[in-house]
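Participant: pasting the sequence and the predicted model now:
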Amino acid sequence: MFSLGPRQEEFRAPWIATVNNIDWPSSRTATPTAQQAELINILDTVQRLNMNAVVFQIRPVGDAFYASTLEPWSLYLTGTHGKAPSPLWDPLTFITTEAHKRNIEVHAWLNPYRARMSDATYTLAPNHMAKRFPKYAYTYNKYIWMDPGAIEVQQFICNVTEDIVSRYAVDSIHMDDYFYPYSDGTEFPDAKTYKAYQQTGGKLSKSDWRRSNVNNLIQMIYTRIHAIKPKVKFGISPFGIWKSGVPQGITGLSSYDSLYCDSRMWLEQGLVDYLTPQLYWQIDPPAQSYSALLKWWIGESKKGRHVYPGNGVYRIRPTDSNWPVTEIVRQINITRSMRDSLALGNVFFSVTQIMQNVKGIQTELAKLYKQKVAVPKMNWL
């Protein structure tokens, strides 16, 4: 077991997913008081386990878990898309206030282009992004998805991000693996946007153009966040495999080719302050080895950016992969063994398994996190 010295820093956080009410709130129709009590319970548990951050989803489908003039209130908060909570309260203000009382950072998690989930049938509010930009809102695999190649949509997402950073005491903006959608086997319907790009003299192939669209958004957001509040961080949690076959022996979906995410480049060029590759695989099977992938990712951090791998604690559930809890313990210890190479913590998907103490996960985390530590300093900010 790798233990930390009293002055060593380590990032320790769960994701709190609100889409489909995965983690919070447990009920869309519960009173604000009951929803707040659930958040307090989560934060108290995070504090008791000596964790120091939460990644809180505030914009799952072009909606808001905070008071916004730009976007509608979330269905997942109030049960009705566009309906304000009653009595009125602001979950983002609430969680930042309560988390900071407990010395816990809040990383505000936004999904940029996903506009409605595949199982949803509700009518979109007039100020929803799919209504603002209808010609760039596509039905794909039953989802509604915005076109990442549309400059107006990119600009709008930057405006939403700027609004959050300007008005709230968040410690970081966080995005995950969803930029272009995972394929359903059909072509994403952005042919008109690509043709318009070509007609203005664009020479990139469609795949390279799509990657450049994602890169442009990330570059703009990074620049704008730091222009408003230089100390606010920007992190992304991409799919855990950059390209199938990299490193040698790894096989699986290619983030670069299938999702148009050149996540290695973001790390290499310092377009993020931290990267949290979703390494939701075990250590030992070679095809998607946690340790082999983590070693590769930290080797790509040419600008000294931090890597906080994402750990799939949901996979210890008997109803999922039924991993032994020792798998997560081993993964944390392997991460710690690479701390000199900038593997500086772990992020757990998701908080529900920790709250439910599946397979005694709280006991194991308490052993690993015996003392409180600070989040790692970022000397470039």
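Facilitator: Happy to help now that I have it.

Participant: contacts and neighbour counts: CA atoms only from here.
Facilitator: Noted.

Participant: tell me the buried residues in stretch 231-238?
Facilitator: Within stretch 231-238, the residues that count as buried by 16 or more other CA atoms under 10 Å are Val232, Lys233, Phe234, Gly235, Ile236, Ser237, Pro238.

Participant: same deal with stretch 221-232?
Facilitator: Ile221, Tyr222, Arg224, Ile225, His226, Val232.

Participant: same thing with stretch 78-92?
Facilitator: Buried positions in stretch 78-92, judged by neighbour count with 16+ other CA under 10 Å: Thr78, Gly79, Thr80, His81, Gly82, Ala84, Pro85, Trp89, Pro91, Leu92.

Participant: how about Pro25, nearest residue that isn't a chain neighbour?
Facilitator: In space, and not counting its chain neighbours, Pro25 is closest to Gln35: 5.9 Å by CA to CA, 6 or more residues apart in numbering.

Participant: circling back to that earlier point, is it possible to export the buried residues of stretch 231-238 to TSV including secondary structure?
Facilitator: Shown next, in TSV, are these (DSSP: H, G, I helix; E, B strand; the rest coil):
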residue	secondary structure
Val232	coil
Lys233	strand
Phe234	strand
Gly235	strand
Ile236	strand
Ser237	coil
Pro238	coil
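
Participant: tell me the one among those nearest to Phe188.
Facilitator: Pro238 (19.5 Å; CA to CA).

Participant: just give me the longest helix of the chain.
Facilitator: Counting residues, the longest helix found in the chain (DSSP state H) is helix 206-228.

Participant: do a quick rundown of the helices in the chain.
Facilitator: Across the chain, reading from the start of the chain, the helices by DSSP H fall at 32-48, 75-78, 91-101, 129-132, 151-167, 191-199, 206-228, 255-258, 263-268, 290-299, 325-337, 351-355, 361-368.

Participant: same list (those helices) but as JSON lines, adding distance to Asp184 and mean pLDDT.
Facilitator: Below are the helices of the chain laid out as JSON lines (distance: least, CA to CA, whole Å; pLDDT from 0 to 100):
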{"stretch": "helix 32-48", "distance to Asp184": "35", "mean pLDDT": "99"}
{"stretch": "helix 75-78", "distance to Asp184": "25", "mean pLDDT": "98"}
{"stretch": "helix 91-101", "distance to Asp184": "34", "mean pLDDT": "99"}
{"stretch": "helix 129-132", "distance to Asp184": "21", "mean pLDDT": "98"}
{"stretch": "helix 151-167", "distance to Asp184": "23", "mean pLDDT": "99"}
{"stretch": "helix 191-199", "distance to Asp184": "17", "mean pLDDT": "99"}
{"stretch": "helix 206-228", "distance to Asp184": "17", "mean pLDDT": "99"}
{"stretch": "helix 255-258", "distance to Asp184": "11", "mean pLDDT": "98"}
{"stretch": "helix 263-268", "distance to Asp184": "22", "mean pLDDT": "98"}
{"stretch": "helix 290-299", "distance to Asp184": "26", "mean pLDDT": "99"}
{"stretch": "helix 325-337", "distance to Asp184": "31", "mean pLDDT": "98"}
{"stretch": "helix 351-355", "distance to Asp184": "28", "mean pLDDT": "99"}
{"stretch": "helix 361-368", "distance to Asp184": "35", "mean pLDDT": "98"}
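
Participant: okay then, goodbye and thanks.
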